[in-house]
Every structure is written in C-alpha cells, then in structure tokens.
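# any chance you can model this:
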Amino acid sequence: MTPAADTGHIPTFLRPAYLAVAGLLTLTGFAQMPIFKRYYIADIPGLGWLAAYFVTHWLHYAGAAMLLGLLGYAVADASIHRRWPLKAGGNGWTQTALLLGLAVTGALRVIKNYEGYTLSEGWIVYLDIAHLTLAMALLSGGLSAVAWRAIRRRRILQAASMR
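Sure thing, here's the model as predicted:
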C-alpha cells in the first residue's frame, strides 16, 4: 500500500495542483469578460495578455482540461485504494456539486461553439449566467471555508492558552 492509502487522504500534490488550476480558471474566466482592459489592469507591464480574448479563451480550455484530469485522477486514486465511500463534510459535497455543475455548463458552452450546433439565445444566456453563478458560488464557498477554519483555529488556540 502507498502512504496515501494508509492515511486515507488524497495524494499531497493534488491540493496545490487544484489550487493552481482553480486560480488559472478564475483568472482566465474573468479575463474573457473585458474587465481587465476596461479597468486598465492589462496596461500593467506583463499583463497585456489578459486583454487578448483568444489567449485567455484557450488558456481557459487548457485549464478546464487540467481540472478534469485532476478530478479523474482523484476518482481513480480513490477507487484503486478503496477509499469509497468518500468521507467529506457538507462543504466538500457542496464544492463537488458546484464543480460538477461548472463542468456540465462549461461542456455545454464548449459544444455551443462548434459548427453545426445551434442553441437558442435564451439557452446561451442561461448557460453563461449559470456558469458564472456556479463559479462565484464556488469561490465564495471556498473563501468562507477558509475564513471559518481560521476562526475555529483561533478559538481553539485561545481556549488552549486560557488553560
């Protein structure tokens, strides 16, 4: 058995890889809306590529492929090392559901870009708003989880120092 299987935790490289890919997807996702050019962020030396739509578009696709690869690896690793059912709290299952929703809406947005596939304008707007809403929910949920852990850790340290 590998050390990851003995402890029942995910491999250690997955968390930083996931955070890096999530950061890339967040940056390139927002860059596809012209906010970086509008607010002159792209004028900062070295950040001009943020205003190039097709560069950020293809980087977003590459990041999505990397995210799907990481998720596939995590599922395969859990299956191989028999860590089913996965033990996750409410926040973990919520993030999983949000990631699944992002993957589905993202895949449908990719399909709409293919020639020969037509979707109604209302459906395209729905997909865009759903994808953005899911991304914002995932970001705010992740930030609230980090804040909650910090608050809880602080309370534990305060209680320990009072003893």
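
# could you use CA atoms for every contact and neighbour count after this?
Fine.

# tell me where the model's unsure across the chain.
The model of the chain has pLDDT under 70 over residues 1-10, 83-86.

# can you tell me how far the residue nearest the centre of it sits from residue 111?
By C-alpha atoms, centre = their mean, the chain has its centre lying nearest to residue 22, at 4.1 Å. Counting by C-alpha to C-alpha, to the nearest Å, the gap from residue 22 to residue 111 is 22 Å.

# which of the residues in the host helix or strand of residue 77 are classified as buried?
Assigned by DSSP states H and E, residue 77 belongs to helix 53-80. Residues of helix 53-80 classed as buried by neighbour count (16 or more other C-alpha atoms under 10 Å): 56-57, 59-61, 63-64, 66-67, 70-71, 77-78.

# want to throw the residues you listed into JSON lines with distance to residue 14?
Formatted as JSON lines, those follow (distance: C-alpha to C-alpha, whole Å):
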{"residue": "56", "distance to residue 14": "24"}
{"residue": "57", "distance to residue 14": "24"}
{"residue": "59", "distance to residue 14": "20"}
{"residue": "60", "distance to residue 14": "19"}
{"residue": "61", "distance to residue 14": "20"}
{"residue": "63", "distance to residue 14": "15"}
{"residue": "64", "distance to residue 14": "15"}
{"residue": "66", "distance to residue 14": "12"}
{"residue": "67", "distance to residue 14": "10"}
{"residue": "70", "distance to residue 14": "7"}
{"residue": "71", "distance to residue 14": "9"}
{"residue": "77", "distance to residue 14": "11"}
{"residue": "78", "distance to residue 14": "12"}
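
# ok, longest helix in the protein?
Counting residues, the longest helix found in the chain (DSSP state H) is helix 121-162.
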